[in-house]
Structure formats: structure tokens, C-alpha cells
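> Sharing a sequence plus its predicted fold:
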Amino acid sequence: MKKLFTLFIVMLFASMTFAQVVNPMHSVKHGPTITKQVNLKSLTPHSYSKGTTRWFNYGEAIDSLLGGVATIYGNILFPDTTIIVAYSGGVYAGPWIHNLGDVLDAHDMDFNDPSLFPGSLAITNSSTYNIDSIGLYGIYERHSADSIVDTLEIEVAVNNTLPKYYFVGSAINTNLSVDTVWIQGLSYAYATNTLGLTGKKTYKFPLTKQFYADSLDNGLHYIEISTADLPTVAANKYVVSSVKFVPGYSWIPNVDSLDDFNAFHFLSFLENSGSWPAYTKRDFNISYIIPQDVRYNVAGTWNGLFVPSFAYMGGTGTDDYPYEHHLIYYLVDCQTNCGYLSVNDYSQNNQFQLGEAFPNPANTASEFVIPFNLTSACDQMEIVIYNQLGQVIQSKEYTSVSQGEHQVKINTSDLNSGLYFYSLTANGDRLTKKLFVQ
């Protein structure tokens, strides 16, 4: 059983703090689990960028950054706990995950690293785009009558008014190398088991016998829906989605089990077992779940909210520090102010150019220089050095930086040999490049 950290969650618009403890994501597993490490790019067709469109999945971007170390897990998605599920060890109990949540911020630096996605569509802070489609991977099981049709219900909203929350506490502060972990507060309506946002669109995908038979070669099922009627995503807005399974059959509560009925397993991947996840402050690309206590509004602090993956970090077993990203994909179609990621000497966007550090490789007992060019004066700028796990090693902030070419010297005496990344954030835009230390 995993050790649980007691974290504190703080509402930015209030001074009240309160503790929360939730069940670990892997305390129980039901159904198929892919235990081997996989490269998500070989799992899906979604790693491509074509013309003005590009598929986005935050888990895939992080897995590219970490070198393909993700492990895929499956778990039952069911609307309540009144049917029985066979868990590991032959224990029967009700399903405990009742809805999935996800946030996409396509402007994030991890999607726009030219060293990871050369030639791909670039989304900057000034870009606007549409979400043409949403794709989801899972495993659909059928045991009910052939005529039964189940439904996967997907809700999507474009929003910039989500309340901001953040975790504080020594465990997170120390291991993620940041003073706060920011999340978007996703509202949950427990009476209807739905996303509690106005302006959302609801899409229903029928799960039939024919769909069950039409699985991929690896046994997974893929669902894709058109979302062309969603509003355009403007700067500083996010795409929010939720997913729930609606069974097309009835059952005897607390008697019948999913051994005899249709079931849907959602898929997520463990970012990097045994290591804390990659995190950059104000990175809002986070996956969420609705566990049993929130579903019935008895969770205390989490009532009315989707619970983010950050609430499940920490442990002492083989899945230490579990942090999961759902396999939900978004087809982004650029509308304005987009570009393409290049691997030229200078990576650039509308705000600045970031040059190649020199010397590169750098020496552990010396320093290296980061050149950059601002196309306009910058009120606030930050340079961050982080390792392959996304952990911040050094961070420097600057104010009132003038237009033109500049250089910043970074001391390497506290860096071990290996691969690092350096990023520059200015006027809300960010670029990242690689650095080798020997």
C-alpha cells in the first residue's frame, strides 16, 4: 500500500487552508495492465503535424522529453459503485473511478520544444486555434447481450475563468523544486456526474458489438469524435474535457458483477516510475479523476471538484510517485499567429530568439553562455535550467530587460555530467533547448 502525503490546497482568492488525503491511484487495479515500457509514438498515429493541424497529448510530450519511459495502466470507468468489480487478489468491491477530467494548454513549452518536435506546428501565447476532434484510447469489454449499446459521454468546454488552486507542503516543495504546484479547479456536478461548466458541449459515442470487434492490432479500442462546433480557443484559454461511461443495461445493485456485463477500461500512463514528475510552475496540463467519495459528495475538501493527479503522488512501492496522464488526444487546427518549430541556430517566436548555449558540451567546473535576442523590451523574464526528469536545477529571474541582443552566464559547478535543458520565458512565451555537460 502506498504511503499518502498530506498536502494542503489553497484557494487563491481566499486565505483558508485545509488538509486533504485521497486514495492512491494504484491501490487497486482491475482489468488489463500493460506492464512493459512503451513509446507512445509507436502506440498511436497522433504524433504528426500536417499543415495547420497537429495532435496534442501532454503525456506523449512528456514521454518524448523523458526518452520513452512511460508505463500504461488500465482501470475501470463506471458511473457508480453499485456493481461489483473483481480486483487483484480475488477481492470484489465496487468500482471507484467514475469520471475522468483533463486540461489542455497547447501553448505550453513542452509542446513547443523544437528539439523534440522539429517541424511541428507551434502554438504561441498569441495563437488562436480550434479543436477539430478529440481521440481517446481504452479497452472495451463485452459480456452483455449483442443488442446492448453502451455510451461513452465526452464533455468539452473552452474556458479561461477556472478557479486557480495550488498545493503547498514540504513533500511537494522539495521534490518538485518549486514553491507551489498550480492546478485549474475543474467544477464537478455530483448529482449528474458531469463537468460543472457552462458553455460545454456534450458528445455521445455508441459502444456496440461491432465497435468491440473493431479493436486495434494491440487490443486497444480507439474513439474519435468531431468537435468542430466548439468555439475558437483564444490566448489564455484552456480546453477542458471529461469522460464517463454510461452502461446500456441494468443490474442488481451490490449483487451483479462486471464479470457478466460490458465494461470500459480507460488508459493512462505512469510518467516515470520511481521518480517525481516533470513540472514547470503554472503548467496546467493535468489529468483528473472523480473517485468514489467525490462522486457521492462525501469527500470533504474535494467535494464539487475533479481530483488532479498531483493528489496521488508519493509511495514506497514499485510505482513510487505515481503521476498519470490520460490517453486523451486533441486535434488542434491553427487559426491565427502560429508557426513551425525549427532547429536553426536560433529558435524564435514573436517575442524573442533563443540561441545555442556555448560551449556545448559545457564543463562541470566552468560556465556556459546563453545568447538571446528580444524583439521588444521585456518587463519580466526567467531562465531555467532543468534535468532530464524536468526537475529545476537553477532559475534566474530578470526585470526590465531592454530590446536587443543579450547573454546570460550560467555557472556549471553544481551540475553533474549529463543532458540538461535550458528555457527562456519572456512576455509569456517560452522556448527550450538542450545542453550537454561533461
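Thanks, I have it. Keep in mind that what you see is a predicted model, and the values were worked out from it rather than measured.
> can you give me the helices in the stretch 101-250 of the chain?
170-176, 209-213 (DSSP state H, counting those that start in this stretch).
> For the stretch 251-400 of the chain, give me the ranges with low pLDDT.
Within the stretch 251-400 of the chain, the segments meeting pLDDT under 70 span 273-274, 314-322, 342-351, 388-390.
> Break down it into its strands, ranges please.
263-270, 287-291, 307-308, 324-326, 328-340, 347-348, 352-354, 367-374, 378-387, 392-401 (DSSP state E, counting those that start in this stretch).
> just to revisit the earlier point, and the helices of the stretch 101-250 of the chain, which one is worst for confidence?
When the helices of the stretch 101-250 of the chain are ranked by mean pLDDT, helix 170-176 comes last with a mean of 65.
> Can I get stretch 241-254 in CSV? Just the C-alpha atoms.
C-alpha atoms of stretch 241-254 as CSV (Å, rounded to 0.1, in the frame of the first residue of the first chain):
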residue,chain,number,x,y,z
SER,A,241,-12.8,17.7,-21.2
SER,A,242,-14.4,15.0,-19.1
VAL,A,243,-15.2,11.4,-20.0
LYS,A,244,-17.8,9.0,-18.4
PHE,A,245,-19.1,5.5,-19.3
VAL,A,246,-22.9,5.1,-19.5
PRO,A,247,-24.0,1.4,-19.4
GLY,A,248,-26.9,0.4,-21.7
TYR,A,249,-28.0,-2.3,-19.3
SER,A,250,-29.5,-2.7,-15.8
TRP,A,251,-28.1,-4.7,-13.0
ILE,A,252,-28.9,-5.8,-9.4
PRO,A,253,-27.1,-3.4,-7.1
ASN,A,254,-24.4,-5.0,-5.0
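> quick one: buried residues of that stretch?
Residues Ser241, Ser242, Val243, Lys244, Phe245, Pro247, Gly248, Tyr249, Trp251 are the ones in stretch 241-254 that count as buried (16 or more other Cβ atoms under 10 Å). For glycine as for every other residue, the C-beta is placed from the backbone atoms N, C-alpha and C.
> Which single one of these is nearest to Leu419?
For the buried residues of stretch 241-254, the closest approach to Leu419 (Cβ to Cβ) belongs to Ser241, at 33.1 Å.
> who touches that closest one in this structure?
When contacts are counted by Cβ atoms under 8 Å, 6 or more residues apart in numbering, Ser241 touches Gly101, Asp102, Leu104, Ile134, Ile154, Glu155, Val156, Ala157, Leu195, Ile328.
> what about it, distance to Tyr288?
To Tyr288, Ser241 is 10 Å away according to Cβ to Cβ, to the nearest Å.
> Find residues that contact each of those two.
Applying Cβ under 8 Å, 6+ apart, one finds that Ser241 and Tyr288 are jointly contacted by Gly101, Asp102.
> sorry, back to before: redo the strands of the stretch 251-400 of the chain as TSV? Include distance to Ser147 and mean neighbour count.
Output for these, formatted as TSV (distance: least, Cβ to Cβ, whole Å; neighbours: other Cβ atoms under 10 Å):
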stretch	distance to Ser147	mean neighbour count
strand 263-270	17	24
strand 287-291	30	24
strand 307-308	36	24
strand 324-326	30	25
strand 328-340	29	19
strand 347-348	56	21
strand 352-354	59	22
strand 367-374	63	18
strand 378-387	54	18
strand 392-401	56	13
